[in-house]
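1. Task: produce atomic coordinates for the following.
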Amino acid sequence: MTSHPTTTEPGGQKLDRALSNRHIQLIAIGGAIGTGLFMGSGKTISVAGPSVILVYMIIGFMLYFVMRAMGELLLSRTGYRNFADFAGDILGPWAAFFTGWTYWFCWVVTGVADVIVIASVYVNFWAKTFPVWITALIVIAVLVGLNLPTVKGFGETEFWFAMIKIVAISALIVVGLVLIAISFEHDGATASFLNLFNQGSGFFGGGFMGFVMGFQIAVFAFVGIELVGTAAAETKNPEHNLPKAINAIPIRIILFYVGSLIILMSVVPWTRFDADHSPFVMLFSLAGLGAAAHLVNLVVLTSATSSANSGIYSTSRMVFTLATDGDAPRIFARLSGRKVPQNALFLSGVLLLSSIVLLAFGLDQSKGFSIVTTISSLCFMFVWTIILVSYLVYRKRRPAEHAASKFKMPGGLVMPWVVMAFFAFLLWAFTKDSDTLAGLIATPVWFVLLGIGYLALRNNPAHAKIRAEHDAKVAEEKQAAAAFVAR
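-> The predicted model follows:
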């Protein structure tokens, strides 16, 4: 890895490396455990049966290689602030533009959906008479307030949000194991690991198409897994902390996803799960915990807030990166005295206000959320694909840097192709449901708009000047990297 400092921004400023090891580890956990595990797992279980365990394992396995590719690329040069930087450097300016704005769009869509759900479902669970639009406004103000002081504020918030998720899942596993150990009986069913195989049609109870449908639902639970890549420029000692966070992903997926699903379907036969209710509430209720609904609602509330918090953080950093490269208005490239891109942060907050408009039109519980999550998943898949393509080109064009890497991606010549083939399978899976198909059809509109925007930007003289300055910095970075490798 090159030893020169991170590229400075306009005015000699640069982002502050204030995220410690414990922050980045918990941010990685929070990114790997989505709200979909707490609320969406009921639907995946009812559709796919116990085979949903394989669904989560396969998705996690594939995305681990995306993370390893991202890790090697980010650590290959300290000037890279996030994956939009290395995509633009390796594939060309178009890749930075499309990757940065698509990732921004992913989180804006997800953040708006999160705010709507927080206000209309989770907070409304306790305060049914309180106006949901006021709740949404308060949530947005709190999110901006948490991120505005320092990046460490974001890190601390995500640390505690992730801790709540960990405690909730750990409690579920412990309670479930106790119920299995005492052979707990409920409605004629006995808690046992055999329930994974002897209920309904067995392990693949939903059949082949049920197995396929499980993928289109479950993939949304993993969006945000790449969040540590967005935080790379603000991480202390990234050479140590990023690999540690990425390498822990498989064990976290096995423990939190696979472990909790095995326990849930062992205690309660999968045929009894309801797509519209949380399996977590069901299990805690069976254990005699009367406050189960309130506790799980609190957990899901913090999980959704964590997702929205990650969204406002990542969109502000991505717009900041785009602005410093000339792909967004320069006003968003300014940092506050505490090294926070506050103008980019305010932009994210303003866009989240659109959730209030949607709430005013009564769109809080429409099935359009299925379409929204599909669009978000597809856009994240585009970003993940760009990371893999960047890695393949990097291997071909920069063999010396790859050879010098201390964090090489395993199976680097084969696995990118395997993962991209898997993404093609996911595209096919999205065609098998009317709602996800609608999202699949709508998504290309975003890329058409991006293409028009990029062509217009290329013809702007001011942009050409900024790009020339950026390219000069990149050339310096390459020379320094070549000198480092030569040594």
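
2. On the three-state scheme, residue 63 is what?
-> The three-state label given to residue 63 by DSSP: H, G, I helix; E, B strand; the rest coil is helix.

3. From residue 317, how far out is it?
-> For residue 63, the distance to residue 317 (C-beta to C-beta, to the nearest Å) stands at 21 Å. The C-beta positions use only the backbone N, C-alpha and C, and glycine is treated the same way.

4. So for those two, which residue has more residues nearby?
-> Under the criterion of other C-beta atoms under 10 Å, the comparison of residue 63 against residue 317 puts residue 317 first, with 29 against 22.

5. element containing the more buried one, please.
-> Using DSSP states H and E, residue 317 sits within helix 292-324.

6. Quick check, pLDDT for the nearest residue to residue 107 once chain neighbours are set aside.
-> The shortest distance from residue 107 to any non-neighbouring residue, by C-beta to C-beta, 6 or more residues apart in numbering, is to residue 311 (3.9 Å). Here, the pLDDT recorded for residue 311 equals 79.

7. ok, now which ones touch the nearest residue in space to residue 132 that is not next to it in sequence?
-> Leaving out its chain neighbours, the residue that sits closest to residue 132 by C-beta to C-beta, 6+ apart is residue 119, at 4.5 Å. Under the criterion of C-beta atoms under 8 Å, 6 or more residues apart in numbering, the neighbours of residue 119 are 132-133, 135-136, 139, 355, 359, 364.

8. For residue 119, give its distance to residue 226.
-> 27 Å.

9. Quick check, pLDDT for residue 485.
-> The model's pLDDT for residue 485 equals 48.

10. and if you look at residue 34?
-> 61.

11. that older thread, next helix or strand past the helix holding residue 317?
-> helix 342-352.

12. chain center to the next helix or strand after that next one: distance?
-> Scanning forward in sequence from helix 342-352 by DSSP H and E, the next helix or strand is helix 354-360. Centre-to-centre, helix 354-360 and its host chain are 23 Å apart (C-alpha atoms, centre = their mean, to the nearest Å).

13. Could you do stretch 171-191 as well?
-> Here the centre of stretch 171-191 is set off from its chain's centre by 32 Å, with C-alpha atoms, centre = their mean.

14. quick one: contacts of it?
-> Residues from elsewhere that reach stretch 171-191 (C-beta under 8 Å, 6+ apart): 192-193, 195, 259-260, 263-264, 266-269, 272, 280, 283-284, 286-287, 289.

15. rerun that using 10 Å as the cut-off
-> Contact with stretch 171-191 is made by 38, 192-193, 195, 199, 255-256, 259-260, 262-269, 271-272, 279-280, 282-284, 286-289, 292, 295-296, 299, as judged by C-beta atoms under 10 Å, 6 or more residues apart in numbering.

16. ok, now which ones touch the nearest residue to residue 302 once chain neighbours are set aside?
-> Nearest non-adjacent residue to residue 302, counting by C-beta to C-beta, 6+ apart: residue 164, 4.8 Å away. Contact analysis of residue 164 by C-beta under 10 Å, 6+ apart lists 30, 298-299, 301-303, 305-306.

17. Likewise for residue 215?
-> By C-beta under 10 Å, 6+ apart, the neighbours of residue 215 are 44, 48, 52, 54-56, 58-59, 422, 425-426, 428-430, 432.

18. Report the buried members of those residues.
-> Neighbour counting by 16 or more other C-beta atoms under 10 Å classes 44, 48, 52, 54-56, 59, 422, 426, 429-430 among the contacts of residue 215 as buried.

19. can you list those in JSON lines and add secondary structure and pLDDT?
-> Shown next, in JSON lines, are these (DSSP: H, G, I helix; E, B strand; the rest coil; pLDDT from 0 to 100):
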{"residue": "44", "secondary structure": "helix", "pLDDT": "81"}
{"residue": "48", "secondary structure": "helix", "pLDDT": "84"}
{"residue": "52", "secondary structure": "helix", "pLDDT": "88"}
{"residue": "54", "secondary structure": "helix", "pLDDT": "91"}
{"residue": "55", "secondary structure": "helix", "pLDDT": "90"}
{"residue": "56", "secondary structure": "helix", "pLDDT": "87"}
{"residue": "59", "secondary structure": "helix", "pLDDT": "91"}
{"residue": "422", "secondary structure": "helix", "pLDDT": "96"}
{"residue": "426", "secondary structure": "helix", "pLDDT": "94"}
{"residue": "429", "secondary structure": "helix", "pLDDT": "90"}
{"residue": "430", "secondary structure": "helix", "pLDDT": "89"}
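
20. about what we covered before: please indicate which of the contacts of stretch 171-191 are buried?
-> 38, 192, 195, 199, 256, 259-260, 262-269, 272, 279-280, 282-284, 286-287, 289, 292, 295-296, 299.

21. Just those residues: which are in helices?
-> Among those, the residues falling in helices (DSSP state H) are 260, 262-267, 279-280, 282-284, 286, 292, 295-296, 299.

22. rewinding a little: how close does the residue nearest to residue 107 sit to residue 50?
-> 32 Å.

23. And for residue 261?
-> In terms of C-beta to C-beta, residue 261 sits 8 Å off from residue 50.

24. now the spatially most central residue of the chain, what's its secondary structure?
-> For the chain, the residue sitting closest to the mean C-alpha position, by C-alpha atoms, centre = their mean, is residue 224 at 0.7 Å. Classification of residue 224 using three-state DSSP returns coil.

25. Now do the phi/psi pair for it.
-> phi 100, psi 0 (degrees, to the nearest 10).

26. going forward can the numbers begin at 13, since that is how I track them
-> From this message on, residue numbering opens at 13, which makes the last subject residue 236.

27. I figured it hits residue 395, correct?
-> No. Applying C-beta atoms under 10 Å, one finds residue 236 not in contact with residue 395, separated by 11.1 Å.

28. what is in contact with those two at once?
-> residue 118.

29. Could you list the low-confidence segments of the protein?
-> 13-52, 242-246, 287-290, 301-302, 372-382, 472-499 (pLDDT under 70).
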